[in-house]
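[1] Sequence and predicted structure below; questions after.
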Amino acid sequence: MLRKPWLHFLLLGLMLFVVGQRLFPEPKPVLGPPNPERLSAMVENYTRFAPDGVSPALFERFIDTELRDELLFREALNRDLQYRDAAVEQRIIRNMRFLDTNTAASDRELIEQGYALRLHLTDEVIRRRLVQIMERLIVATRLNPAPNAEAVATRYQQALDSWREPARYTFSHVFLSTERAAEMPSLMAQINAENLSPDAARILGAPFLSGYAFRRQSPEQMTRVFGAEFAEQVSATEVRAGAWIGPVSSVFGQHYVYIEAFEPSRTLELDEVSVRIERDLVREGEEQAVVDWVEGAMAGYEVRRS
């Protein structure tokens, strides 16, 4: 049988095919380099809130994000997801009517024309939409069981400090500006001598723009309204409900403060935060599912970062 020439050629061709596949594999599709305009937009948006600028490590993370989104966008297009989403179609209709405000074409005709013009490939809103749809699709196709009680309890213990609830104060106050601060001792004496209620005492003071009654305020919240000195003084004072404290200084002047209720700092119990923990664990699982998918898909590409 091996003496037949045609069989020799067949075997030789098969051997060459196998060797060629191993020595000269089919090149991977290219992903990248990142879009410079989108990278510039990321840098610009970040530096609006961070004047120190973008560090090299952070810029590398921007590149990772751009490549990740490009991969998800391509996959969404490969699956024709753009044809199945009403928001994408509405965006195309809007863009087409913007290009020709006098068009008499129907919405369906505009959609078809928009796809023919490949508007869905260049519109940033559509791109972000398709990336989000692809993320949701990945999550929906990955088994992500609900966190069990043990996982919730473990996370609670790991982040115990984050469940610390600050002390909270419910109070009202009588205010005198810095220019009238010298009047505060006599005002306090009058309030105490006449045993005035907070409402009755208020008319003895000056107007205060932010109001007079505050409910369940933490030191941080008090700082935002009155300044750090006010919050520190109140926090350092041993308070009890139904008592006046002061004078308390703020960035605005002097205050005589009536404590209506006080809730000391405490650690929230597990049953008070279990729903939040479950929600966090589910979200983290979904994010990890997308990360794992992207890492696996990246292996099929030649990735060019620049």
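    Looks like it came in fine.
[2] all contacts plus neighbour counts: C-alpha atoms, from now on.
    Will do.
[3] For Ser177, which residues are in contact?
    Ala206, Phe252, Gly253, Gln254 (Cα atoms under 8 Å, 6 or more residues apart in numbering).
[4] Who wins on neighbours among those?
    Gln254 (25 neighbours; other Cα atoms under 10 Å).
[5] right, and the helix or strand after the helix or strand that one falls within?
    Here Gln254, judged by DSSP states H and E, is contained in strand 253-263. Downstream of strand 253-263, the next assigned helix or strand under DSSP H and E is strand 266-267.
[6] coming back round to it: can you pick out the most distant pair from the contacts of Ser177?
    For those, the maximum inter-member distance is 11.1 Å, found between Ala206 and Phe252 (Cα to Cα).
[7] Now for Gln289, how many residues are close by?
    One correction, residue 289 is Ala, not Gln. Neighbours of Ala289 (other Cα under 10 Å): 19.
[8] what sits against the closest residue to Pro219 other than its chain neighbours?
    Spatial nearest neighbour of Pro219, chain neighbours left out: Ala231 (5.3 Å); criterion: Cα to Cα, 6 or more residues apart in numbering. Ala231 is in contact with Pro219, Glu220, Met222, Thr223, counting by Cα under 8 Å, 6+ apart.
[9] sorry, back to before: just give me the closest of the contacts of Ser177 to Ile277.
    Among the contacts of Ser177, and counting by Cα to Cα, the member closest to Ile277 is Phe252, at 40.4 Å.
[10] wait, isn't the closest one in contact with Ala181?
    No: contact criterion Cα atoms under 8 Å: Phe252 and Ala181 do not qualify, at 10.1 Å.
[11] In terms of helices and strands, where is the residue nearest to Pro219?
    helix 228-236.
[12] and that helix with strand 253-263, angle?
    40 degrees (axes from the mean of the first three to the mean of the last three Cα atoms, to 10 degrees).
[13] With only the CA atoms kept, save helix 228-236 in PDB.
    Taking C-alpha atoms only, helix 228-236 is exported to PDB below (Å, rounded to 0.1, in the frame of the first residue of the first chain):
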ATOM      1  CA  ALA A 228     -14.100  71.800  63.400                       C
ATOM      2  CA  GLU A 229     -13.800  73.700  66.600                       C
ATOM      3  CA  PHE A 230     -17.500  73.500  67.300                       C
ATOM      4  CA  ALA A 231     -17.600  69.700  66.600                       C
ATOM      5  CA  GLU A 232     -14.500  69.100  68.800                       C
ATOM      6  CA  GLN A 233     -15.900  71.100  71.700                       C
ATOM      7  CA  VAL A 234     -19.300  69.300  71.600                       C
ATOM      8  CA  SER A 235     -17.600  65.900  71.300                       C
ATOM      9  CA  ALA A 236     -15.300  66.600  74.200                       C
END
